[in-house]
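Colleague: sequence plus predicted model, see below.
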Amino acid sequence: MTRAPALDERPLGARHSSRTRVYLAAATIAARHAWANPVEIIGRGVFLGLLLVVFSGLWRAVPLGEGAPDARGLLWYLAITEWVILSLPLVHLDLERDVRTGDLAYLLPRPVSYVGVRVAEHLGTLAVRMATLAPVAAVLATLLAGGLPGDPRGLLLAVPLGVMAGVLGVITYASIGLTAVWLQDVTPVYFVWQKSAFVLGGLILPLHLYPAWLAAIARWTPFAALLHGPGRTAFGFDPAGAATTAGLLASWTALFAYALHRIHRAALRILDVNGG
Amino acid sequence: MEPAVEVEGLSKTYRVRIRTAGFSGALRRVFAPRTEDVAAVAGVTFRIEAGERVAFVGPNGAGKSTTLKILSGILHPTAGTARVLGLVPWEDRRALGYRIGTVFGQRSQLWWHLPALDTYALLRHVYDQDPVVHRERRDRLIETFRIGAIVTKPVRSLSLGERMRCELVASLLHAPSLLFLDEPTIGLDVTAKAVIRDFVRERSVKDGCTLLFTSHDTGDMERVCDRVLVVHRGRLLIDEPVAALRRRYIRRKVVTLATVETDVTVELPGVTVRERAPHRLVLEVDTSVAPVEAVVAAALAASRLEDLTVEDPPMEEIVAAIYASAEKGAPS
C-alpha cells in the first residue's frame, strides 16, 4: 500500500483540511465516549440539581442588600455558572496521566499534534456535557425560581457565552495539565486555579455584589469572563454587555491558546531531553 | 535495500538530581542541588534489515525502552546516530509517524466505553487513510486476528487477550513498515500469549513488516523473532540468531508438577529438584540432556498429575548468565 504523504509535505490548504478532519474525528469519538458513560452524566446532573436546591433556599432566607438581583435572578445566574463549571472535563488530569504513566510514548509518535488532539477530544466531551446539563439546569431553575428570568432574551445570549466559556476552560485546563512535564503533579496548580475561579469568577454571587476593590481586581482576570460574564447575561438582557463578554472570552481564549502552544513546545523540548 | 534501522554509537545520558532525606536535604535540593549523570544507553550499535523480526531483551533498566523512544522519535540521543526507515527519528518524527506502529502491553489506545471499531475509525483520520483502503485493510486484519465477534463490543467488556488483539489491529491499520512492540504479552495467560505470538509473526511474514520486540518473556523471543539483541546496563551484550542463543543459554526449562500423591520422585539424568513441597514438585530440566517429553512421561508414570506447567527460565536469569560469560570472555 502506498502511504499518504506526511502532512508537512503537503500544500498548506490540504494540511489544514486534513488536520481539521482529525480534530473533528477526535471530538466526535470523545463525544460518543462521554455519551456511552451515562452514570457520569447523571451524577453531574444530580449534583447540579442539589446545588440549585440548596442555594434557592439560601437566597430566599438571606437578605442580599441593595442593588442585588432578586432570588429568581440569582438562581438563574447560578444555573448558568454551575452549568459551565460542571460541564468542564478535567483535561489536566488526563494530560498529567499521559506524562506520569508514559502514555505519551503511544501518542507522540502519531503524525498529529498531541495537544491538538487532546484538546479536540475534551471539546467533544464538553459538548455532550453542556448539551445534557443545559436542560437539567433550565428545568430546575424554572421550577425553583418560579419561572424564567425577568427578560428571558438574556438567556439566549447566556447560552453561547457559556459555550465560549467552556472552550476557554478546556484550553486553560490543558495548559495546567501540560505543566506535569515539569511538576509531575499538577494538583496544586489546578487547586489554586479552581479556587480563584470560584472566588474571582463569582461562581455563586455576581461580582457587583462584591466589595468594589475586589470586583475591580476580579474584572482584570479571565475568571470574570469565564463565569460572571455568562451568568450576568442570564438575568438581564444587555446586548452591549454580552458583546463585551464575548470579546473578553475570545481574547482570553486566544491568549491561553497561544500560551498552550508555547507550553506544548517547551514540554516537547523537555521530553526530548528527559524522556516521556 | 535500505535497512529498517541503523544505529551507531547511540547514547543517552540523563542528568538526575541526587535526593537526600530530611529537612536539610530538602533545603540543599533547593539552594545547592547536586546532580549525577546516568547512562541509560551507552554506545549501542546495530542494524536491522527490512522484514527482520528482532527481539530486544534485557532486564529492567537495561535501556530497552529508552532506545525504543529514541527510535520512535520521542527522545533525542546524547550522542550517536540513528536512521529509521531512512529518516532521522528525532528530526522527522511526524513523517516517521506514518510508517511506524507501536504496541505497548501496559498501555491502551482504544476508547474504553466504545467498540474498537470506533477507535479504528479515528485512526483512519489520524493516518489520513483513503476510506476504501482503510476498510479493506481493517476487514482483512479483523479476519486475521479473529476479532470479528468482539470488535463491536465496548472495549471495557473484553478480556485482556481480546483487547490486546484489538490493540494490535489498531497499530497495524496504517500498514506500518516497522512495528515496535513493548511487552505485548505482559499479563496474558498461556493461550492468549500463544495466539498473540502466532498472529504477530504471521502478519510480519505476510506484510514484510519489520518487528522490534521487547519482552521479559523468553517465549516471545523464541516464537516470534529470528534474531536477538541483548542489552544490559545500556550496552549491547549479544547480537545473534535466536537459535544460537537458545543453544547456548536457554537449555533449561522449569517443570512444575501438582500431584495427587504427597511425595513424588522423578529421577532422570539432566533433571534436578528445584523445590519440593507436599503435592508439589518443581524440576529444572537441562533439555540438552533430557527432553521435556521424557520428563513428563516419567512424571506420569510416577504419579497422578493434577496440573503441570512448563516454563522458560526468567529473562533475568538468562541475561545474568550471558553477562557472567561476557565478563569471563567466553560463553558458558
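Modeller: Yep, it's here. Numbers count the residues shown, from 1 in each chain, chains lettered A, B, ... in the order given.

Colleague: what parts of the stretch 101-250 of chain B come near chain A?
Modeller: Applying CB under 8 Å from any CB of the partner chain, we find that the stretch 101-250 of chain B lies next to chain A at B:102, B:104, B:107, B:109, B:111-114, B:118-119, B:121-122, B:124-130, B:133, B:137, B:154, B:174-175. No exception for glycine: its C-beta is placed from N, CA and C like everyone else's.

Colleague: try 7 Å this time
Modeller: B:102, B:104, B:107, B:109, B:111, B:113-114, B:118, B:122, B:125-129, B:133, B:154, B:175 (CB under 7 Å from any CB of the partner chain).

Colleague: just these: which are in strands?
Modeller: Secondary structure defined by DSSP state E assigns B:102, B:104 of these to strands.

Colleague: now list the buried members of the residues of the stretch 101-250 of chain B next to chain A.
Modeller: Neighbour-count burial (16 or more other CB atoms under 10 Å in any protein chain shown) is assigned, among those, to B:102, B:104, B:107, B:109, B:111, B:113-114, B:118, B:122, B:125-129, B:154, B:175.

Colleague: pull the most distant pair out of the residues you listed.
Modeller: Spanning the widest gap among these are B:113 and B:175, at 27.9 Å by CB to CB.

Colleague: OK, contacts around residue B:221?
Modeller: When contacts are counted by CB atoms under 7 Å, 6 or more residues apart in numbering or on different chains, residue B:221 touches B:55, B:57, B:215, B:228, B:242.

Colleague: and the residue nearest to the fourth one when sequence neighbours are not counted, helix, strand or coil?
Modeller: The shortest distance from residue B:228 to any non-neighbouring residue, by CB to CB, 6 or more residues apart in numbering or on different chains, is to residue B:55 (4.4 Å). Secondary structure, DSSP: H, G, I helix; E, B strand; the rest coil: residue B:55 is strand.

Colleague: identify the residues contacting residue B:55.
Modeller: For residue B:55, the contacting residues are B:213, B:215, B:220, B:221, B:225, B:228, B:242, by CB under 7 Å, 6+ apart.

Colleague: of the residues you listed, which is the most crowded?
Modeller: Each of the contacts of residue B:55 was scored by neighbours using other CB atoms under 10 Å in any protein chain shown; the highest score is residue B:221's, at 29 neighbours.

Colleague: the residue in the stretch 51-200 of chain A positioned nearest to chain B: which element?
Modeller: Nearest residue of the stretch 51-200 of chain A to chain B (CB to the nearest CB) works out as residue A:111 at 3.6 Å. Element membership for residue A:111, per DSSP states H and E: none, as it lies in no helix or strand.

Colleague: all helices for the chain, in order.
Modeller: Let's take chain A. Per DSSP state H, chain A carries helices over the ranges A:12-35, A:38-61, A:71-87, A:91-101, A:104-107, A:114-145, A:153-178, A:180-183, A:187-200, A:212-219, A:222-223, A:229-234, A:239-274.

Colleague: other chain: chain B
Modeller: Secondary structure of chain B by DSSP H: the helices cover B:22-31, B:64-71, B:93-97, B:116-126, B:131-144, B:160-172, B:190-207, B:218-224, B:242-249, B:292-302, B:315-328.

Colleague: I'd like those laid out as a markdown table, including mean pLDDT and distance to residue A:227.
Modeller: Compiled in a markdown table, the helices of chain B are given as follows (pLDDT from 0 to 100; distance: least, CB to CB, whole Å):
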| stretch | mean pLDDT | distance to residue A:227 |
| --- | --- | --- |
| helix B:22-31 | 74 | 36 |
| helix B:64-71 | 89 | 41 |
| helix B:93-97 | 90 | 38 |
| helix B:116-126 | 95 | 33 |
| helix B:131-144 | 93 | 43 |
| helix B:160-172 | 91 | 40 |
| helix B:190-207 | 86 | 50 |
| helix B:218-224 | 84 | 53 |
| helix B:242-249 | 80 | 62 |
| helix B:292-302 | 89 | 70 |
| helix B:315-328 | 70 | 55 |
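
Colleague: those: which one's closest to residue A:27?
Modeller: Put simply, out of the helices of chain B the one that sits nearest residue A:27 is helix B:116-126, at 10.2 Å, with distance taken as CB to CB.

Colleague: and residue B:213, bridged to which residues?
Modeller: residue B:55, residue B:181 (DSSP bridges).

Colleague: and for residue B:281?
Modeller: Beta-bridge partners recorded for residue B:281 (DSSP bridges): residue B:257, residue B:276.

Colleague: what distance do you get for it to chain A?
Modeller: Distance, residue B:281 to chain A, by CB to the nearest CB, to the nearest Å: 40 Å.

Colleague: next, count neighbours for that residue.
Modeller: Using other CB under 10 Å, residue B:281 is surrounded by 23 other residues.

Colleague: wait, what's in contact with it?
Modeller: B:257, B:259, B:264, B:266, B:273.

Colleague: just among the residues you listed, which is most surrounded?
Modeller: residue B:257 (23 neighbours).

Colleague: correct me if wrong: it contacts residue B:302.
Modeller: No. In terms of CB atoms under 7 Å, residue B:257 does not count as a neighbour of residue B:302; the distance is 9.1 Å.

Colleague: what touches both of the two?
Modeller: Taking CB under 7 Å, 6+ apart as the contact criterion, the common neighbours of residue B:257 and residue B:302 are residue B:264.

Colleague: for the helix or strand bottoming out on mean pLDDT in chain A, buried residues please.
Modeller: Lowest mean confidence among the helices and strands of chain A (mean pLDDT, DSSP states H and E): helix A:104-107, at a mean of 76. If you call a residue buried by 16+ other CB under 10 Å, then helix A:104-107 has these buried ones: A:104, A:105, A:106, A:107.

Colleague: before we move on, what about stretch B:313-326?
Modeller: When neighbours are counted by 16+ other CB under 10 Å, the buried residues of stretch B:313-326 are found to be B:313, B:315, B:317, B:318, B:319, B:321, B:322, B:323, B:325, B:326.

Colleague: nearest to chain A among these?
Modeller: Looking across those and measuring by CB to the nearest CB, the closest to chain A is residue B:315, at 20.4 Å.
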